[in-house]
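**Q** compute the structure for the input listed below.
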Amino acid sequence: MWQADDELNSLHASSSSSSSTSFSPYEIRLRKLVDERESLLEQIRKLKAQLDDKKKNVNVECVVSEEEVLENGTDVHVMDLQRDSNRQISDLKFKLVKSEQEVTTLEQNVIRLEGQVTRYKSASENAEKVEDDLKAEKRKLQRELRTALDKIDELEVGNSHLVKRLEKMKANRSALMSQQ
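**A** Numbers count the residues shown, from 1 in each chain. So this is what the prediction gives:
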């Protein structure tokens, strides 16, 4: 239990030292639980101190006034106070256990979410690598397309030139044939 206290205190100290960063709802809830737990522990300490003071006062009153009426050897008022204190202590212990369970649950959620973040980061990095590869491939294909289109234009110009020469040759041949 003391180890959990140390972990919670270190978590609380680290979360309060980095107040400029934004916190997830789990971290905020965890911090609230830690604060509530600390206030409950402080309240338990105060109640124990009050109980010790009351016991000391009762012992002093018993010594000073032995003539007071005692019921079964104890003062009724002290018994009521002790019952109330015991009830409050048991309530606070229950709240403490409940808070510790919630803290454990939240810590497990944080661990699970950190694992998800790691997976998402690696997936994102892989997607960026694939995107970069695809962009490079696209640029390469566009260069090849431009080169092929330039060749097609060149060949079409050459073809049109050859078609014109062929027509001239046919016309010259027809003219030569008609002259003979």
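
**Q** check which helix or strand covers residue 155.
**A** Using DSSP states H and E, residue 155 maps to helix 76-179.

**Q** show me what that helix is packed up against.
**A** helix 2-17, helix 25-64 (3 or more CB pairs under 8 Å, 6 or more residues apart in numbering; DSSP states H and E). Yep, even glycine has a C-beta here, placed from its N, CA and C like the rest.

**Q** mean pLDDT lowest for which of the ones you listed?
**A** Comparing mean pLDDT across the helices and strands packed on helix 76-179, the weakest is helix 2-17, with a mean of 49.

**Q** picking up where we left off before, tell me the mean pLDDT for the helix holding residue 155?
**A** 94.

**Q** give me the number of residues near residue 34?
**A** 22 (other CB atoms under 10 Å).

**Q** now do the contacts for the closest residue to residue 58 other than its chain neighbours.
**A** Closest residue in space to residue 58, ignoring its immediate chain neighbours: residue 78 at 5.0 Å, by CB to CB, 6 or more residues apart in numbering. By CB atoms under 8 Å, 6 or more residues apart in numbering, the contact list for residue 78 reads 54-55, 58.

**Q** can I have the buried ones of those residues as a ChimeraX selection?
**A** Typed into ChimeraX, the line below selects the buried ones among those, using 16 or more other CB atoms under 10 Å:
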select :58
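
**Q** could the contacts of residue 78 go into TSV alongside distance to residue 145?
**A** Output for these, formatted as TSV (distance: CB to CB, whole Å):
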residue	distance to residue 145
54	93
55	94
58	98
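
**Q** tell me the one of the contacts of residue 78 nearest residue 134?
**A** When these are compared for distance to residue 134 (CB to CB), residue 54 wins out at 77.6 Å.

**Q** separation between residue 162 and residue 156?
**A** Noted for residue 162: a distance of 11 Å to residue 156, by CB to CB, to the nearest Å.

**Q** same check on residue 37?
**A** Residue 37 is 83 Å from residue 156, by CB to CB.

**Q** more neighbours, the two?
**A** Neighbours were counted for residue 37 and for residue 156 using other CB under 10 Å; residue 37 has more, 21 against 10.

**Q** can you tell me the closest non-neighbouring residue to the more buried one?
**A** Residue 37 sits nearest to residue 99 (CB to CB, 6+ apart), 4.6 Å away.

**Q** show me the contacts for that neighbour.
**A** Residue 99 neighbours (CB under 8 Å, 6+ apart): 33, 36-37, 40.

**Q** how many residues are close by residue 162?
**A** With other CB under 10 Å as criterion, residue 162 counts 10.

**Q** with residue 103 instead?
**A** Neighbour tally, residue 103, other CB under 10 Å: 19.

**Q** try the one 3 residues further on
**A** Burial of residue 106, expressed as a neighbour count using other CB under 10 Å, amounts to 19.
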